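[1] Got a predicted structure here, sequence first:
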Amino acid sequence: MLSLAIIVCICLMANIKIGSRDFIWSYIGNFFRVGTNIILLPFILKYLSNEDLGMWYVFAAIGQLVVLLDFGFAATLARNVAYVWCGAKSLQKSQISKLNSQQIDWHTFYVILKSCKCIYGIIALIAFVFLISFGSWYVLKIGQRENLIICWLIFSLGISLNLLYSYYTSILRGIGAIAENNQAQIISKSCQIVISIVLIMMGYGLLAISIGFFTSAVILRICSNYMFYRYEHIGSKLKQIFIKTSWNEVKKMFNTIWYNASRDGLVTLSNYLSTQANTLICSFALGLTSTGSYGLAVQLATMICTVAAIPFSTYLPRLQEYAITDDIQNSQKTMSRAIGTYISSYLLISALVVLCLPLVYWIRPDFSLSIGMSVAVLAYMFVYKFYNLFASYLSTYNSLPYAKSFIVSSILSVGLSFLLAVYTDLGIWSLIIGSSIVMLSYNAWKWPLVGISKLQMSISLFCKLSINNLNICPSKRK
């Protein structure tokens, strides 16, 4: 989100047009990214066994772990591509690159493109080796069923393909092709939904979801490639220009990108450990049936977090601009409104979800889902996302003061949850209690207080403004 905000601001300064069309496609794209698993959920609940449902959440958790191999490159690449697209002839490690002109330096642009391909080629190879080795061992250790390894290998290929060609997403965002990037995502997710539902109803179970996911990865690669080379006639321009690059140029570009990517990566790792790692602990210590219940609760909570934070992500480019211009007054109004809409949206959607939870039993009478446990997961994710929003605001000042505490807290959270799951009879509650204790001891209160202090406000004034400025839809900029 922060990366997108910075890119938008750069593009506005360089007269790249990002209009309502891009924001509309962003909302639709977010819907499909969040909604795909929700749309598939009734079919998964109805046609998959408890063991297969739990195994699918294990697949997803390991897949998220592998995506961490990106380690922050996506956000950093997108920012640097934006600088070059806007006229920068060289890139800096920790400062905003100087925009020499509005003419694109195609040599530098090609070096970034080649660097992206090299970086993600290595990442995808490492990911595939990890998936077919450790991933296969772990999947076969916790689950034994017919065709399980085939399902896993197809899913692994999908993950690897997504990583191999994910540089297209960074580049499309960097050059301002936000609508095109979301269109590619929408097409691929739509195909995943259709293929998965058809195959699930034909009785292919877990294999159906793996095939749908793999097909989505292939289609996303084709669409992104088409969108990229078509945008602003990039394909024809690159063909017209003979560009020769050396390995030293690619290596230098990698070193420049890695400086900030490593820091972004630590935050990404901590986010995974704080939210998704418990699914793997659950499958190891509590079994696949419990994993299915816990995984469903986390999936719903994550969906609500994403939807409730959409207004905040829309405001983020404006907050980035206010940070650059040191406009505290508008920062106060915008941030208070963003937090207020997050809180009200999350509570409202959560209440609706809790009321609809009995439908799970209607779809699948034998499925075990505790409403109390689901409410606890919703509460945990609410607080977790709450302080993350303040951390995102602090990042608009090009500083990540929370990075160390995030990674330390996430390690402690995983360790405590594991110990409670293995050595107590708390069951799924051990995961919630362990994570909550660590979160509430520091991060949950530290970064909201730092953020409010950065806004030069008292807590009472911030709460008052949050209520007074409550608005789900962003207001027009004056």
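    Nice, I can see it. Numbering: from 1, shown residues only.
[2] can we go C-alpha only for contacts and neighbour counts from here?
    Fine.
[3] Packing partners of the helix or strand containing K404?
    Applying DSSP states H and E as the criterion places K404 in helix 403-423. Secondary-structure packing of helix 403-423 (3 or more Cα pairs under 8 Å, 6 or more residues apart in numbering; DSSP states H and E): helix 247-275, helix 277-285, helix 429-441, helix 443-454.
[4] Format the ones you listed as JSON lines; extra columns: mean pLDDT, distance to I187 and mean neighbour count.
    Below are the helices and strands packed on helix 403-423 laid out as JSON lines (pLDDT from 0 to 100; distance: least, Cα to Cα, whole Å; neighbours: other Cα atoms under 10 Å):
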{"stretch": "helix 247-275", "mean pLDDT": "70", "distance to I187": "27", "mean neighbour count": "18"}
{"stretch": "helix 277-285", "mean pLDDT": "77", "distance to I187": "29", "mean neighbour count": "23"}
{"stretch": "helix 429-441", "mean pLDDT": "91", "distance to I187": "36", "mean neighbour count": "20"}
{"stretch": "helix 443-454", "mean pLDDT": "92", "distance to I187": "38", "mean neighbour count": "17"}
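[5] Include distance to F214 when you put the ones you listed into CSV, please.
    Compiled in CSV, these are given as follows (distance: least, Cα to Cα, whole Å):
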stretch, distance to F214
helix 247-275, 22
helix 277-285, 22
helix 429-441, 31
helix 443-454, 37
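[6] Figure out which of those helices is closest to M55.
    Comparison of the helices and strands packed on helix 403-423 against M55 by Cα to Cα identifies helix 277-285 as nearest, at 8.3 Å.
[7] got the CA coordinates for the closest one in CSV?
    Provided in CSV are the C-alpha atoms of helix 277-285 (Å, rounded to 0.1, in the frame of the first residue of the first chain):
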residue,chain,number,x,y,z
ALA,A,277,2.4,-19.1,10.7
ASN,A,278,-0.2,-20.3,13.3
THR,A,279,-2.0,-22.3,10.6
LEU,A,280,1.2,-24.4,10.2
ILE,A,281,1.5,-24.8,14.0
CYS,A,282,-2.2,-25.8,14.1
SER,A,283,-1.7,-28.5,11.5
PHE,A,284,1.4,-29.8,13.2
ALA,A,285,0.1,-29.9,16.8
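[8] The helix or strand that comes right after it to helix 429-441, inter-axis angle?
    Next in sequence after helix 277-285, counting helices and strands by DSSP H and E, comes helix 288-308. Between helix 288-308 and helix 429-441, the angle comes out at 40 degrees (axes from the mean of the first three to the mean of the last three Cα atoms, to 10 degrees).
[9] Run the angle between helix 288-308 and helix 247-275 for me.
    110 degrees.
[10] Enumerate every residue touching K251.
    By Cα atoms under 8 Å, 6 or more residues apart in numbering, K251 lies in contact with S115.
[11] Then L357?
    Listed by Cα under 8 Å, 6+ apart, the contact set of L357 reads I371.
[12] Could I get the average pLDDT for the helix or strand harbouring T341?
    T341 is part of helix 328-356 when elements are defined by DSSP H and E. The average pLDDT for helix 328-356 rounds to 89.
[13] For that helix, which residues meet the burial criterion?
    Going by neighbour count (16 or more other Cα atoms under 10 Å), the buried part of helix 328-356 is 328, 331-347, 349-350, 353.
[14] Tell me the helix or strand right after it.
    Toward the C-terminus from helix 328-356 - assigned by DSSP H and E - lies helix 358-363.
[15] what's downstream of that next one, the next helix or strand?
    Later in the chain than helix 358-363, the nearest helix or strand by DSSP H and E is helix 371-395.
[16] Show which residues not belonging to that next one make contact with it.
    Contacts to helix 371-395, defined as Cα under 8 Å, 6+ apart, come from residues 2, 294, 297-298, 301-302, 305, 312, 316, 319, 339, 346, 350, 354, 357, 400-402, 428-429, 432, 436, 439, 443-445, 447-448, 451, 454.
[17] With stretch 409-426 instead?
    270-271, 273-274, 277-278, 281-282, 285-286, 427-428, 430-439, 443.
[18] do that again at 7 Å, thanks
    270, 273-274, 278, 281, 285, 427, 430-431, 434-435, 438-439 (Cα atoms under 7 Å, 6 or more residues apart in numbering).
[19] Just the closest of those to K239, please.
    S270 (42.0 Å).
[20] just checking, that closest one touches I407?
    Yes - the criterion here is Cα atoms under 7 Å, and S270 meets it with I407 at 4.7 Å.
[21] Tell me the gap between the host helix or strand of F213 and the middle of its chain.
    Taking DSSP H and E as the definition, one finds F213 inside helix 206-230. Chain-centre distance of helix 206-230: 18 Å, with Cα atoms, centre = their mean, to the nearest Å.
[22] List the contacts of the next helix or strand after that helix.
    Counting by DSSP H and E, the next helix or strand C-terminal to helix 206-230 is helix 234-240. For helix 234-240, contacts defined as Cα under 7 Å, 6+ apart pick out Y229.
[23] Name the residues of helix 234-240 that come out as buried.
    Result for helix 234-240 [16+ other Cα under 10 Å]: no buried residues.
[24] Now do that helix, average pLDDT.
    Rounded mean pLDDT across helix 234-240 is 74.
[25] gap between it and the chain center?
    32 Å.
[26] Just the CA coordinates for stretch 137-148, please, in PDB.
    Output in PDB follows, covering the C-alpha atoms of stretch 137-148 (Å, rounded to 0.1, in the frame of the first residue of the first chain):
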ATOM      1  CA  TRP A 137       7.800 -33.700   3.000                       C
ATOM      2  CA  TYR A 138       5.600 -31.700   5.300                       C
ATOM      3  CA  VAL A 139       2.400 -32.300   3.300                       C
ATOM      4  CA  LEU A 140       2.900 -36.000   3.200                       C
ATOM      5  CA  LYS A 141       3.800 -36.100   6.900                       C
ATOM      6  CA  ILE A 142       0.500 -34.500   8.100                       C
ATOM      7  CA  GLY A 143      -1.800 -36.000   5.400                       C
ATOM      8  CA  GLN A 144      -2.000 -39.200   3.600                       C
ATOM      9  CA  ARG A 145      -4.600 -39.600   0.800                       C
ATOM     10  CA  GLU A 146      -4.800 -40.500  -2.800                       C
ATOM     11  CA  ASN A 147      -3.300 -38.100  -5.300                       C
ATOM     12  CA  LEU A 148      -2.200 -35.700  -2.500                       C
END
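[27] circling back: buried ones in the helix holding K404?
    Within helix 403-423, the residues scored as buried using 16+ other Cα under 10 Å are 403, 406-407, 409-414, 416-418, 420-422.
[28] Stretch 149-160 now?
    For stretch 149-160, the neighbour count (16+ other Cα under 10 Å) marks 149, 151-160 as buried.
[29] Can I get that stretch as PDB, trimmed to CA atoms?
    C-alpha atoms of stretch 149-160 as PDB (Å, rounded to 0.1, in the frame of the first residue of the first chain):
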ATOM      1  CA  ILE A 149       1.300 -35.300  -4.000                       C
ATOM      2  CA  ILE A 150      -0.100 -34.600  -7.400                       C
ATOM      3  CA  CYS A 151      -2.300 -31.800  -5.900                       C
ATOM      4  CA  TRP A 152       0.700 -30.400  -4.100                       C
ATOM      5  CA  LEU A 153       3.000 -30.400  -7.200                       C
ATOM      6  CA  ILE A 154       0.400 -28.600  -9.300                       C
ATOM      7  CA  PHE A 155      -0.100 -26.000  -6.600                       C
ATOM      8  CA  SER A 156       3.700 -25.700  -6.300                       C
ATOM      9  CA  LEU A 157       4.000 -25.000 -10.000                       C
ATOM     10  CA  GLY A 158       1.400 -22.300  -9.700                       C
ATOM     11  CA  ILE A 159       3.200 -20.600  -6.800                       C
ATOM     12  CA  SER A 160       6.500 -20.800  -8.700                       C
END
